[in-house]
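[1] sharing a sequence plus its predicted fold:
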Amino acid sequence: MALSLPAIMKTTAARLSALYLLLFALCAVLLVLYMTSLSARMLTAQTQETINDEVLGLARAYQRGGLPVLVRVVEARSRQPGANLYLIADANGQILTGNVQSLEPGVIETEGWTTEPFSYQRFGEGELDRLRSGATDQPTPQTGDNSNPPQSTGEKGHNAIALVLRLPNQMIMLVGRDLGEPERFRAVISRSLTLALGMMGLGGILIWFFVGRAALKRIDSVSDASRRIMGGDLSGRLPVTGAGDEFDRLSENLNSMLARIAMLNEGLKQVSDNIAHDLKTPLTRLRNRAEATLAGRHRTEDYRQALEGTIAESDQLIKTFNAILMISRLEAGYSSEQTGPVDLAATVSDVVELYEPVAEEAGVALETTAPEALTINGNRELIGQALSNVVDNAIKYSTGAVEAPKVRVALERAGSEIKLTVTDNGHGIPDDADRARATERFVRLEKSRSQPGSGLGLSLAKAIMTFHNGRLDLLPADPGLSVVMSFPLRETH
């Protein structure tokens, strides 16, 4: 899959990133508008408060000495540098004093706060502009009407807000403040927020692109591995980067599933191979016995013995096939058997009682240690079958090894597990590799094969332990062999 933009947009990670980016952009735009509006309101309120303070100061001057004192104070303050505006005009709007040369028409005609910012020119700015342009022949009237309106705000004029008051003698006083500094401050805030929004938006787009690209790469790697596995390479596994994200968790679970499938396939292959090799011998014996019986004239008793031998051999084959089927069912995780509380001490007692005559006949001392009742969740018949297989192996392979063969069955609790150990003092299995192979199907380490059996006893026991979430371990006993069946403790709620 090509790493193109349309392909990236088809990924869930890219779509979620795009949705989050859109939501973030909307929130950021609203934040910019809110901050700009808030700063404008704060600056306007601060400007109005400054104008009110100036008006209070001029009102006190007017109360002290009337119009003459007010004019002197206005003239004095007009000569001071700053953003404040002062203007005193007569009833007709003719400017008498102040630092304002001309106003936007209609500003001083309405008493109170100006509803909108207005444009104006400070005293002396018009003369300076005409000197620069060469137009020095026209005088500059000081008036508040339309005879000399200020230039546009974007060229020579300024913006301001003001409070217009009517004095008792119908004269007009305007006190205002230039908006140049607040507007510059508001513009700085607006530009800063817009720049921050742009940078964050660009970063979000880049993150969105690279997140989608990385997700698409991960998906491509998983798809490539899946194609190889579907092509027959069951040893292949999905890539795990170690990041611990959802892709890694999914890959780990799928890898566990693939390992399970590979194990089942390998088991099926082993079963097929083992059936072809190990079951060929008893089937050949059956055929040879039947052929030998039919080859000549025999008594009725001879035919009876031949049929009885055939039946015995057939029973052993049926047992072998039943064991193979049981192993396959257990390893596949399917079983119609019911599970429930199982008292392992009672199961040990029953199996030992069953095998005491067999051990006595073979000259093997069979001992047991089960000090307490230990209960697990499991299937009593399956656990009894596994223990019977292990005890039967221990009795068979301990005879002839020492003068006093002995098999000991011990049940004990070890931490969070219950261990059921069957130990003999026979030859054992000294080689670690052989102990690992002993639990495979049809594996018989006895080269002479003088002992009866099919090599499925420990394989079935291992499958039963896996079905019960337990373990089957073969450990050297020096002398002999210890087979340890470890069960998890029963969970109580």
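    Noted; the coordinates are in hand.
[2] need the pLDDT of the closest residue to L489 other than its chain neighbours.
    Nearest-residue entry for L489: S416, 5.7 Å, with adjacent residues in sequence omitted and distances by CB to CB, 6 or more residues apart in numbering. For the C-beta atoms, the positions are set from N, CA and C on the backbone; glycine is no exception. With respect to pLDDT, S416 scores 84.
[3] can you pull the phi/psi pair for the residue lying closest to R166 once chain neighbours are set aside?
    Take R166 and drop its neighbours on the chain: the residue closest to it by CB to CB, 6+ apart is E111, 5.4 Å away. Dihedral pair for E111: phi -80, psi 150, per degrees, to the nearest 10.
[4] who's in contact with E111?
    164-166 (CB atoms under 8 Å, 6 or more residues apart in numbering).
[5] from the residues you listed, which is closest to L474?
    V164 (105.7 Å; CB to CB).
[6] list the buried residues in the helix or strand hosting the closest one.
    Taking DSSP states H and E as the definition, one finds V164 inside strand 158-166. Going by neighbour count (16 or more other CB atoms under 10 Å), the buried part of strand 158-166 is 158-165.
[7] from the middle of its chain, how far away would it be?
    Centroid separation for strand 158-166 versus its chain: 62 Å, with CA atoms, centre = their mean, to the nearest Å.
[8] A helix includes G428, no?
    No. Counting by DSSP: H, G, I helix; E, B strand; the rest coil, G428 falls outside a helix, being coil.
[9] that one and L474 touch, don't they?
    No. Between G428 and L474 there is no contact under CB atoms under 8 Å: 9.2 Å.
[10] list residues touching both of the two?
    Common contact partners of G428 and L474 (CB under 8 Å, 6+ apart): L481.
[11] next secondary structure after whichever strand or helix holds Y34?
    Secondary structure from DSSP H and E places Y34 in helix 12-78. Heading C-terminal from helix 12-78, the first helix or strand you meet, by DSSP H and E, is strand 84-89.
[12] mean confidence score for that following strand?
    In this model, strand 84-89 has a mean pLDDT of 87.
[13] what's the angle from that strand to helix 12-78?
    In terms of direction (axes from the mean of the first three to the mean of the last three CA atoms, to 10 degrees), strand 84-89 departs from helix 12-78 by 50 degrees.
[14] can I get strand 84-89 as CSV, trimmed to CA atoms?
    Provided in CSV are the C-alpha atoms of strand 84-89 (Å, rounded to 0.1, in the frame of the first residue of the first chain):
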residue,chain,number,x,y,z
ASN,A,84,-5.0,62.8,26.5
LEU,A,85,-7.1,65.2,24.4
TYR,A,86,-8.5,68.6,25.7
LEU,A,87,-10.8,71.0,23.9
ILE,A,88,-12.9,73.9,24.9
ALA,A,89,-15.2,75.4,22.2
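[15] what pairs with that strand, parallel or antiparallel?
    Partner strands and pairing direction for strand 84-89 (DSSP bridges) are strand 95-98 (antiparallel), strand 172-178 (antiparallel).
[16] so which of the buried residues of strand 158-166 is the closest to K280?
    N159 (106.9 Å).
[17] hang on, isn't the closest one packed against T114?
    No. Using CB under 8 Å as the test, N159 is too far from T114 to be in contact (10.5 Å).
[18] in three-state terms, label L325 for me.
    Assigned state for L325: helix (three-state reduction, three-state DSSP).
[19] can you get me a residue count around it?
    L325 has 11 neighbours, counted by other CB atoms under 10 Å.
[20] now swap in the one 5 residues further on and tell me
    Residues contacting L330 under the criterion other CB under 10 Å number 20.
[21] next up, the contacts around it.
    Counting by CB under 8 Å, 6+ apart, L330 has contacts 382, 460, 463-464, 466-467.
[22] go with 10 Å
    L330 sits next to 337, 382, 460, 462-468 when contact means CB atoms under 10 Å, 6 or more residues apart in numbering.
[23] just checking, next helix/strand downstream of the helix or strand hosting it?
    Under the criterion of DSSP H and E, L330 resides in helix 300-332. Once helix 300-332 ends, the next helix or strand along the chain (criterion: DSSP H and E) is strand 340-343.
[24] so which bits of that next one are buried?
    When burial is assessed from 16+ other CB under 10 Å, strand 340-343 yields the following buried residues: V342.
[25] figure out how far the helix or strand that comes right after it is from the centre of its chain.
    Once the chain leaves strand 340-343, the next helix or strand it forms, by DSSP H and E, is helix 344-362. In terms of CA atoms, centre = their mean, the centre of helix 344-362 is found 53 Å from the chain centre.
[26] next one: stretch 41-52
    52 Å.
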